[in-house]
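Visitor: Quick one: sequence plus predicted model below, questions after.
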Amino acid sequence: GNARYLLGISEDITDIKKAESELNKYIYRLESLNKIDKIIRSGTDANQVLGEAMQIVLDIFNCDRAWLLYPCDPDSPTWSVPIEKTKLKYPGAFKKKLDAPITPDAAKAMKEVLASDKPIQGILKPGEPSYDPLDKFAIRSYLIIAVHPKVGKPWEFGLHQCSYERVWSPEEITLFKEISGRIEDALSTLLILRDLRESEQKFRGLVESSSDWIWEINTKGECTYTSPQAEIIIGFKPNEIIAKTPFDFMPPDESKKISKLFFNLMKQKKSFIRLKTLNIHKKGHKVELESSGVPILDESGNIQGYRGVNRDITQKNQAEKQRKAYIYFLESLDKINLVIQHSSNFNDLLEDLMKEISLIFDSDRAWILTPCDPNASSFRIPMEYSKPEFPGAFVLNLELPVTKEIAKDFKKSLSSKKPIMYAKGTDTVLNEKISKQFNIQSQLVTTIYPKIGKPWLLGIHQCSYIKIWTQQEQELFTAIGQRIADGISTSIIHAELQK
């Protein structure tokens, strides 16, 4: 009765921990960018918006100084820092009202920044640079990049660490570059809006130099001026837009919603910034625009219309959707991993997995069967999870015959490297008898391969409507299937060792 040896099983979770770490970094990056986006959407006053943005930057990087220098032009006689936020201990050039001459080494540094599309970091000793021989600014480390608004000269966006010599990490440098893109966009919009308020003459000049769509409308919402860039963005020539409203180029529901919002703003003589609208290109595809505008007032303060700028954000939004999909992908796999790690026995494992899959895909039924073998005489469904309004087969663990039609489906799944989708109204239709009996509108299945035994088949049903799963959803389904196969392998091996 004495123990002679101990058998056990270990699972390598290095990749899981690495994925969790990467996910946390990714979420922090998105949260930081979201803070910047919220600030630059919050108003139309350049100094206020950019000042608040610098404060957010200061907090994100926990540095001692965040600033915007203008102009980043080695041929300019002087430079200044119109926007800056600092920790109290380290006041900067804005606080000191510095309007400094561009010395040879400053010009050299500006040329280096302008020549690079990546942030540049460095270490400074007391007395460096030449414009600060007495070390009043106490710059020990810096991180800088040039930003290029669509109007005017380039600016320089930078961080200072004064309390110690800091080396910024690759993740911080990537985040800094992404924030600089947001600052660049904000500068473009805010500077255009500022200039629009100043003079009609300057407005006309900006139109010709801007790649954005500049417009003017009257109190009826009718376009009285549009820049040529409109044709590049939505395909219509200026003469096809004049006398029409912006709402004429939107889908009906969007047109109704935005026109109501616009005329409410007009009654209050309010500006608007970064208003997102959906538009229809002349060729028929959808274009997402971001619009900003200011009211045109006469000498008595009566509103005469609006002038503003539209920017095409279609590609930007698509990229944002891909980022969100990637986060959901990682979070979903993490949920599956947690189920596998915390389930106490094999039945609980399968039950919890089916519930989680149903939640991830918002499906009406999730199930798993074994074996997925066209040559077997029977198969069984060890676990199934259904929403109450769509009960399943109620045949858990009963041996069911492998008919010719089922064998054909097994072969098809085994020969495919991708999930197979069945849906009413498509080329891959479901068995009419089964789909009618269990009210299946769509089905997605994938073969999974545990390290022991024959293949299994994992599937989900949509019963409430015809579901066409996207490519991203199918890729997630495949990845979940692979993770479940690992979990089943571990559970089977563990059970065999206990015997």
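Guide: Yes, it's here. Numbers count the residues shown, from 1 in each chain.

Visitor: how deep is residue 409 tucked in, by neighbour count?
Guide: Residue 409 has 21 neighbours, counted by other C-beta atoms under 10 Å. C-beta here means a position set from N, CA and C on the backbone, and glycine is covered the same way.

Visitor: I meant to write residue 276 there.
Guide: Neighbourhood size, residue 276 [other C-beta under 10 Å]: 12.

Visitor: Likewise for residue 176?
Guide: 23.

Visitor: Please identify the helix or strand for it.
Guide: Here residue 176, judged by DSSP states H and E, is contained in helix 170-198.

Visitor: Any buried residues in that helix, and which?
Guide: By neighbour count with 16 or more other C-beta atoms under 10 Å, helix 170-198 contains the buried residues 172-173, 175-176, 179-180, 182-194, 196.

Visitor: SS state for the nearest residue to residue 179 once chain neighbours are set aside?
Guide: Spatial nearest neighbour of residue 179, chain neighbours left out: residue 36 (5.6 Å); criterion: C-beta to C-beta, 6 or more residues apart in numbering. Under DSSP: H, G, I helix; E, B strand; the rest coil, residue 36 falls in the helix class.

Visitor: what's the pLDDT at residue 36?
Guide: Per-residue pLDDT puts residue 36 at 91.

Visitor: Pretty sure it sits against residue 53.
Guide: Yes. Between residue 36 and residue 53 there is a contact at 6.0 Å, judged by C-beta atoms under 8 Å.

Visitor: Next up, the contacts around the residue nearest to residue 179.
Guide: By C-beta atoms under 8 Å, 6 or more residues apart in numbering, the contact set of residue 36 is 53, 56-57, 179, 182-183.

Visitor: Let's see that with 10 Å instead.
Guide: Contacts for residue 36 (C-beta atoms under 10 Å, 6 or more residues apart in numbering) come out as 52-53, 56-57, 60, 175, 178-179, 181-183, 186.

Visitor: Tell me the one of these nearest residue 289?
Guide: Among those, residue 186 lies closest to residue 289 (C-beta to C-beta), at 16.8 Å.

Visitor: And the residue nearest to residue 357 when sequence neighbours are not counted, how far from residue 477?
Guide: Nearest residue to residue 357, sequence neighbours excluded (C-beta to C-beta, 6+ apart): residue 366, at 4.4 Å. For residue 366, the distance to residue 477 equals 11 Å [C-beta to C-beta, to the nearest Å].

Visitor: Same check on residue 219?
Guide: Per C-beta to C-beta, residue 219 is found 53 Å from residue 477.

Visitor: These two: which has the busier surroundings?
Guide: residue 477 (23 against 14).

Visitor: May I ask you to confirm that that one is in contact with residue 458?
Guide: Yes. Here residue 477 reaches residue 458: they are 7.9 Å apart, a contact under C-beta atoms under 10 Å.

Visitor: so what sits against both of those two?
Guide: 357, 419, 444-446.

Visitor: where are the low-confidence patches of this protein?
Guide: Applying pLDDT under 70 to the chain picks out residues 1-16, 94-98, 130-131, 196-210, 393-397, 494-499.

Visitor: Run me through the strand neighbours of whichever strand in it runs longest, direction for each.
Guide: Identified as the longest strand of the chain according to DSSP state E is strand 286-297. Partners of strand 286-297 in the sheet, by DSSP bridges, are strand 272-280 (antiparallel), strand 303-312 (antiparallel).
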